[in-house]
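Asks: I'll drop the sequence and a predicted model, then ask my questions.
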Amino acid sequence: MHRVRLACFDVLDTTLLRIVAAPSDVFRLVFADLRRSLGPLFLEWDEDSFVSARLQAEQRAIAACGHEECTLDEIWRELSSVFQAISRGQGAGLELEAERRVLRPNVEVLRLVYNARRSGHAIAFVSDTPLPRSFLAEQLRGFNIMAPEDCLYVSSDLRLLKKSGRLYKKILQITGLEPKEISMFGDNINSDVAVPRRLGLRAHHYIGTATHPGGRPTRSLRSANSQHGATSPSEIRNVSSVLERSLEATSLVERYLGPACLAWAIWVLLRARECNIRRLYFVSRDAFLVWRCASALSSIFNIDCRYLMISRQAILPAATTIVSRSALDWLIRPWDSPTYRLICRRLEIESGQCTGRLRSLLQSRGLDSPLTSTDREQFWSALEDPDTQELLLRKFAEKRVDARGYLEQEGLLDGVKWALVDLGWHLSLQRGINSLVQPWASARGLYVYLSAERALPPVAGWATAMFPLAPPDSRSCRRLPCVARFPTIAEHVFGIAPQGTTVGYQNQGGSWKAIAQLEAEEMSPWRSKVEKAIDEYVKKHGDMFLETLNKLNYCRAAYDIITNDLFLTPEPNVVRELAKCLRISSDTLNVNPSRVARPIRMSELMRLMLPGKIATPVYSNLQWPEGCIRISPPHFRKCIQIRRRLSQLLHEDFGSDG
């Protein structure tokens, strides 16, 4: 039996702890330092937007460097293109200083290191991080953790990662040891435990205080934005009285849409008043119901609330001025399974209009064949043909004239300070609008949630969200609001409106009219019924909500409670109503819509009883897993509930939170 000769310890969040809630909170400290020294350059930035910029820069740096890991210098080279007044050396120095301020030795792990050293084991420290090796060595020595004879292997130095296994293979090559002669100790269940074990190393999972060193972060290291943070028990108590009747109701509007839209509307109005925004544009279908609520309350806040018929399909082509892969990032989304029919539909061109290589590709592949990665590369290359570029640019220019005319007609260029209201996600729509209204106006936005992949202020303008950013290193998707965990269903449930998706604009007698898709005629009475019920709910409960939800955090707490109830534990009769009346699609033009929910099938139940990795794909095939479960037979629900309890005991990632 092999004896352990080399004991390896993970560095960050194991041997050294950060006194922040998540590693990305260090970027918030960097932002605070930058704003103190370069305040005027950050008027449109907040903490979340800066964290998003830093995370995106790291992804671009990894893609550009050609290795598994990038360096901090390469990250700040990418960031310096966004913040031109900051040199990459200055930015990297600020980040290292922020890291230095939050790092502390983990006494619990120190004892293990000292014991391993006394037992005669060689010691090595291993880290996946873009931080420089010299910086980690300085910290480990400064805390008397790393001895002169110890080794330090860092991904930014070797350009190899633990999570891929290649860093461990490099250690085996350097040391000449057998896998069983090396042990690994760290907090990451994948890169510190599963991967080394797969390679034959001994690995132990650290489950001590690494996630929350010393309990909670100190006040000075928490987000500076007062609207951010988890919903606290006191906030829940403050809103419980206003939601008590709602949670006893069983109808779609009384229990869910009414209180959620009212809480959202009040948050928007409070935030707009705080930011001195005089006009709000509620963006098409996704914000139609909240516009009904806000309009009824707007006179109290002296804020003009308007409904803007707009969509990604209507704006993004109009905002495109060049034909390239980066400019047409709206054409093929990461979650799409594209065909040429889908591409032509989004470009609003007929296959017969195409010429050159694009026409040849359409003829050879057909309109409905799924495109492979090779097909996609050939498509982007075909767009370089002069005739194809001329066709598309002419289309985009026509749409730009109409879209800009509609925006001007609706008052976006009249000098009043305004903001868009929408559910959120990536700010692609705000980015498109911003490009159309500049230099006469600058877009702003108030959203429920914005993702880390959001467009940044230089191209999209200022934006803020009801819920704080939950970066990938926050360790749990449960920090995301429910609407962001079920984005497609959220867009359709909150987007119950009298018209379909806006596809463009047309000049009729000197004024621009929005052109929308036709909705199914049989659904019109139901949609009108929901709209009237929302109006009645506001009349009945608006004053009570205004009196109770008088702070931003209270609005967020109420919205959080109601949407969690809706998406995770919905009333079966509400799910059945939505399944009967609502068709949803992840496509911007609502192609191939499906029912919002349906009962779980026996074949799916059998798969759900298997180990988590086999069961998980079943959930990915359902638009609204919890809704499907709620209208399934009772014995199905019981089986899934038991399986989830078992998964919790086994620490598996199994389904959602219901």
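Replies: Good, I have the coordinates.

Asks: so Gly89 is in which element?
Replies: helix 88-102 (DSSP states H and E).

Asks: go on, Phe545?
Replies: Here Phe545, judged by DSSP H and E, is contained in helix 524-548.

Asks: would you map out the domains in this structure?
Replies: If you go by automatic domain parsing, the domain ranges for the chain are 1-220, 252-328+405-591, 335-401, 598-658.

Asks: quick revisit: what packs against the helix holding Gly89?
Replies: Counting contacts by 3 or more C-beta pairs under 8 Å, 6 or more residues apart in numbering; DSSP states H and E, helix 88-102 is packed against helix 25-37, helix 72-79, helix 133-142. Every residue, glycine included, has its C-beta placed from N, CA and C.

Asks: including mean pLDDT, distance to Val11 and mean neighbour count, could those helices go into CSV?
Replies: What follows is the helices and strands packed on helix 88-102, written out as CSV (pLDDT from 0 to 100; distance: least, C-beta to C-beta, whole Å; neighbours: other C-beta atoms under 10 Å):
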stretch, mean pLDDT, distance to Val11, mean neighbour count
helix 25-37, 92, 15, 19
helix 72-79, 94, 15, 22
helix 133-142, 96, 6, 17
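
Asks: looking at those helices, which is nearest to Ala597?
Replies: Taking C-beta to C-beta, helix 25-37 is the member of the helices and strands packed on helix 88-102 nearest to Ala597, at 37.3 Å.

Asks: how far out from the middle of the chain is the helix holding Gly89?
Replies: The chain centre lies 26 Å from the centre of helix 88-102; the measure is C-alpha atoms, centre = their mean, to the nearest Å.

Asks: now do it against helix 72-79, angle only.
Replies: Compare the direction of helix 88-102 with that of helix 72-79 by axes from the mean of the first three to the mean of the last three C-alpha atoms, to 10 degrees and you get 120 degrees.

Asks: buried residues, helix 88-102. List them.
Replies: Arg88, Gln90, Gly91, Ala92, Leu94, Glu95, Leu96, Ala98, Glu99, Val102 (16 or more other C-beta atoms under 10 Å).

Asks: which one of those residues sits closest to Leu17?
Replies: Val102 (8.7 Å).

Asks: show me what the spatially closest residue to the closest one that is not a sequence neighbour is bridged to.
Replies: In space, and not counting its chain neighbours, Val102 is closest to Arg18: 4.6 Å by C-beta to C-beta, 6 or more residues apart in numbering. Following DSSP bridges, Arg18 is listed with bridge partners Leu103.

Asks: list the contacts for Arg18?
Replies: Leu12, Asp25, Val26, Glu99, Val102, Leu103, Arg104, Pro213 (C-beta atoms under 8 Å, 6 or more residues apart in numbering).

Asks: lowest pLDDT pick from these?
Replies: Of all the contacts of Arg18, Pro213 carries the smallest pLDDT score, 41.

Asks: my read: Ile375 touches Ser364, true?
Replies: Just to correct that, residue 375 is Asp rather than Ile. No. With contact defined as C-beta atoms under 8 Å, Asp375 and Ser364 do not form a contacting pair (9.5 Å).

Asks: between the two, who's got more neighbours?
Replies: More crowded of Asp375 and Ser364, by other C-beta atoms under 10 Å: Asp375, with 16 against 10.

Asks: quick check, pLDDT for that one.
Replies: Reported pLDDT for Asp375: 87.

Asks: and what of Arg341?
Replies: Per-residue pLDDT puts Arg341 at 86.

Asks: please renumber the chain so that the first residue is 23 from this point on.
Replies: Taking 23 as the first residue, the last one we looked at is Arg363.

Asks: A helix includes it, no?
Replies: Yes. Assessed by DSSP: H, G, I helix; E, B strand; the rest coil, Arg363 belongs to a helix.

Asks: so how many other residues sit close to it?
Replies: Neighbours of Arg363 using other C-beta under 10 Å come to 15.

Asks: how close does it get to Ser608?
Replies: Noted for Arg363: a distance of 16 Å to Ser608, by C-beta to C-beta, to the nearest Å.

Asks: ok, now Arg139?
Replies: According to C-beta to C-beta, Arg139 and Ser608 sit 55 Å apart.

Asks: now swap in Gly113 and tell me
Replies: 37 Å.

Asks: again with Ile288
Replies: Distance from Ile288 to Ser608, counting by C-beta to C-beta: 30 Å.
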